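Q: make a model of this:
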Amino acid sequence: MIEDSNIAVLEPTAQKQLPPKHSPMWKVLLHNDDVNEAFYVSNTIQAIVKINEEDALQKMVEAHKTGVALLVVVHQELAELYQEQFQSKNLTTTIEPDN
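A: Numbering: from 1, shown residues only. Have a look, this model is predicted:
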């Protein structure tokens, strides 16, 4: 603080810059089912997640063989939207934090 002629002037203090906060990322997981046909599942993955045919087929096969496949890792809002969209197409997906 500087005092001059009975006037107090506060000098600015250095403020610590915090790094920008990033939204936590979430996994969207496709689960195998015995109801939907492979072609339908693959096309639905392509339409919702916007990946190419080859990648969609690979994800579908992985879910079929292992029971679950990681589709994408996105921010929580988008993961929730994807989950709702897959549910509306009668496909089972879950979301979980990407730790």
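Q: and Ala56, what is it in contact with?
A: Contacts for Ala56 (Cβ atoms under 8 Å, 6 or more residues apart in numbering) come out as Ser42, Asn43, Ile45, Gln46, Val49. To be clear about C-beta, it is placed using only N, CA and C from the backbone, and glycine gets the same treatment.
Q: tell me how far it lies from Pro24.
A: Separation of Ala56 from Pro24 (Cβ to Cβ, to the nearest Å): 26 Å.
Q: helix, strand or coil for Ala69?
A: strand (DSSP: H, G, I helix; E, B strand; the rest coil).
Q: secondary structure element for Ile48?
A: Taking DSSP states H and E as the criterion, Ile48 maps to helix 38-49.
Q: and what of Val73?
A: Using DSSP H and E, Val73 maps to strand 68-75.
Q: for Ile45, grab the count of nearby residues.
A: Neighbours of Ile45 under the rule other Cβ atoms under 10 Å: 27.
Q: can you check the one 5 residues further on too?
A: Summarising burial for Lys50: neighbours were counted as other Cβ under 10 Å, giving 9.
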